[in-house]
Each structure stands twice: as structure tokens, then as C-alpha cells.
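J.: coordinates only, no sequence provided:
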């Protein structure tokens, strides 16, 4: 038996990904330099679970590609305790 049993609840604002993606791209167009910070949170990384893919979740790769397309002065920072594919 787990010596530290717990229950975790969470939530997130429901957003329209297409609208937020378009907003991010418009902001990136106007910026001198863009920092795109992406990765995996504790919601995604955990012991005892084998991932079926190394891809970042959701439309993360699409965000990076679209921002890079409009602003070549982009730095992508990744945070993860495991390997990821981009």
C-alpha cells in the first residue's frame, strides 16, 4: 500500500486553440525576439507509465513551427525529464 495516499484535482480554462494560435503568431510577427517555452508538466510525466510517443502534447509542435515561420529570431526552450521529439 502506498504510504502517502492522495487525491489530485485540477482544471484548466477551456480555450479555442485556433484563436490562441493565431494570437501567438501575430505577437511573434511584431516581436524582435521570441521565446517559446514548451515541455511536459507533472500532468504528463510520471513514474510507471510508458508513453506511446515522444511527441510533445497537443498542438505544441504546430505552435513552434508557425512562430518560427513568422519570426526567425526565435529561441525554443524545452523542459522535460524524458526525451522528446520535435
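T.: Now that the structure is in, tell me what you want to look at. What you are looking at is a predicted structure, and each value in this text was computed from that prediction instead of being measured.
J.: name the SS class of residue 76, please.
T.: strand (DSSP: H, G, I helix; E, B strand; the rest coil).
J.: quick one: residues contacting it.
T.: Taking CB atoms under 8 Å, 6 or more residues apart in numbering, we find residue 76 in contact with 36, 38, 64, 68, 86. All C-beta spots, glycine's among them, are computed from the backbone N, C-alpha and C.
J.: and the longest helix along the chain, what does it pack against?
T.: Longest helix in the chain by number of residues (criterion: DSSP state H): helix 17-30. Helices and strands touching helix 17-30, by 3 or more CB pairs under 8 Å, 6 or more residues apart in numbering; DSSP states H and E, are helix 60-70.
J.: nearest residue to the residue nearest in space to the middle of the chain other than its sequence neighbours?
T.: Centroid-nearest residue in the chain, with CA atoms, centre = their mean: residue 38, separated by 4.0 Å. Of all residues beyond its chain neighbours, the one nearest residue 38 is residue 60 (5.1 Å), with distances taken as CB to CB, 6 or more residues apart in numbering.
J.: correct me if wrong: the residue nearest to the centre of the chain contacts residue 79.
T.: Yes - using CB atoms under 8 Å, residue 38 makes contact with residue 79 at a distance of 7.5 Å.
J.: need the residues touching each of those two.
T.: By CB under 8 Å, 6+ apart, no residue touches both residue 38 and residue 79.
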